[in-house]
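Participant: Structure for the following, please:
(one chain, ligands or ions: 1)
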Amino acid sequence: MTTATAKAFPNIAFIKYWGNRENTLRLPMNGSISMNLDGLYTRTTVSFQNSLPFDELIINGHEIIGTGLNRVSYILDIVRGMVDIHEHAEIVSENNFPAGAGIASSASAFAALALAGSKAAGLDLSEPELSRLARRDLSEPELSRLARRGSGSASRSVPGGFVEWQGGTTNEDSFAYSIALAEHWKLMDCIAIVSASHKKTGSTEGHAIAPTSPLQAARVADTPRRLDLCRNAILNKDFDTFASIVELDSDMMHSVMMTSTPALHYWKPTSLAVMNAVRQWRSEGLPACYTVDAGANVHVICLEAESQIVNKRLREINGVEDVLVARAGGPAKIIVNGD
Ligand code: PMV
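Facilitator: Here you go, the predicted structure:
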């Protein structure tokens, strides 16, 4: 096969990844846990063609060159090296949510690219394991590792549901796997859109300056404890423990960001207003908690039963432009009939 289409969901990290032990391989300083976000997606078609003199990338109808194209070509170069093909590719990708605003568009983008690119190159994941092994096809951890090379959090958008990325120390042991299926716990992410504009400092630059914060070492050292608490809270569906550790983890990452050189301040006044409101609601008995990625938008995590009230209350906060709602989503998938 020379053409394939894949669809992947972004994910929201409950225990965040921030800072790399190795930047080129994107080996993280710490493990992380996330949930895929159903309904928001990137759909990408990769088509290897003899006639192309170089890779061509089109995102949401616009041709992309420079760094964006180089990051995509870097992943396809790894794929080309695995199967020894030399054709360049046309890559056509679309997102149904705002890119670059703290909704991890790079996660769904590189998960979809890794899957579509490897499938288009003949690395077939959908076949039984034995025939895959005979043909050197990719397993899920291999696909997760490949996606990680484009964007760390993309490793977590390959498996489905609730996902843990074991940080590892080498290319081989740094990959993500499901810890629970999407159906395990009816959590919802109500994303308060505070700003849909593209963030000024991307996460790649952010990871690179994380070690300049004197707080990063303490954050990293404490991560195994937070991972255990979060993983157990998910497995036991214990919302109270989950809420405290998720908010603590987000605040710890933003403390590192704000104390890096140069300092990164992603929160806007409305972000803080939402966080304060959520804490207040929880103290009054509404099970909801917040987490914020490298952007100003606030992800408010709640149970499905409360998602309508959370959605309504968020829309009443001054400065909240929109609310996107997503439940836990499945793994990255090959699309056969234009799904
Ligand atoms: O995968 P990257 O390089 O876009 O980094 C993601 C960083 C955060 O979204 C802030 C945290 C995370 O673990 O997703």
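
Participant: Alongside the ligand, which residues does the stretch 101-250 of the chain contribute?
Facilitator: Ala104, Ser106, Ala107, Ser151, Gly152, Ser153, Ser203, Thr204, His207 (Cβ under 6 Å from any ligand atom). Every C-beta, even on glycine, is put in place using the N, C-alpha and C of the backbone.

Participant: Pick out the lowest-pLDDT one from those residues.
Facilitator: Minimum pLDDT for those is recorded at Ala104 (61).

Participant: how would you label the nearest residue to Ile209 once chain neighbours are set aside: helix, strand or coil?
Facilitator: Of all residues not flanking Ile209 in the chain, Ser260 sits nearest, at 4.6 Å (Cβ to Cβ, 6 or more residues apart in numbering). Under DSSP: H, G, I helix; E, B strand; the rest coil, the three-state class of Ser260 is coil.

Participant: gap between Ser260 and Arg219?
Facilitator: With distances taken as Cβ to Cβ, to the nearest Å, Ser260 is found 12 Å from Arg219.

Participant: ditto for Thr170
Facilitator: Taking Cβ to Cβ, one finds Thr170 at 22 Å from Arg219.

Participant: circling back to that earlier point, the residue nearest to Ile209 against Ala208, yeah?
Facilitator: No. In this structure, Ser260 is not within contact of Ala208 by Cβ atoms under 8 Å, at 9.6 Å.

Participant: So for those two, which sits in the more crowded spot?
Facilitator: Ser260 (22 against 13; other Cβ atoms under 10 Å).

Participant: For the residue nearest to Ile209, list the residues it contacts.
Facilitator: Gly206, Ile209, Ala210, Thr212, Ser213, Gln216 (Cβ atoms under 8 Å, 6 or more residues apart in numbering).

Participant: and if we set it to 6 Å?
Facilitator: Ile209, Thr212, Ser213 (Cβ atoms under 6 Å, 6 or more residues apart in numbering).

Participant: Can you tell me which of the residues you listed are buried?
Facilitator: With burial judged by 16 or more other Cβ atoms under 10 Å, the buried subset of those is Ile209, Ser213.
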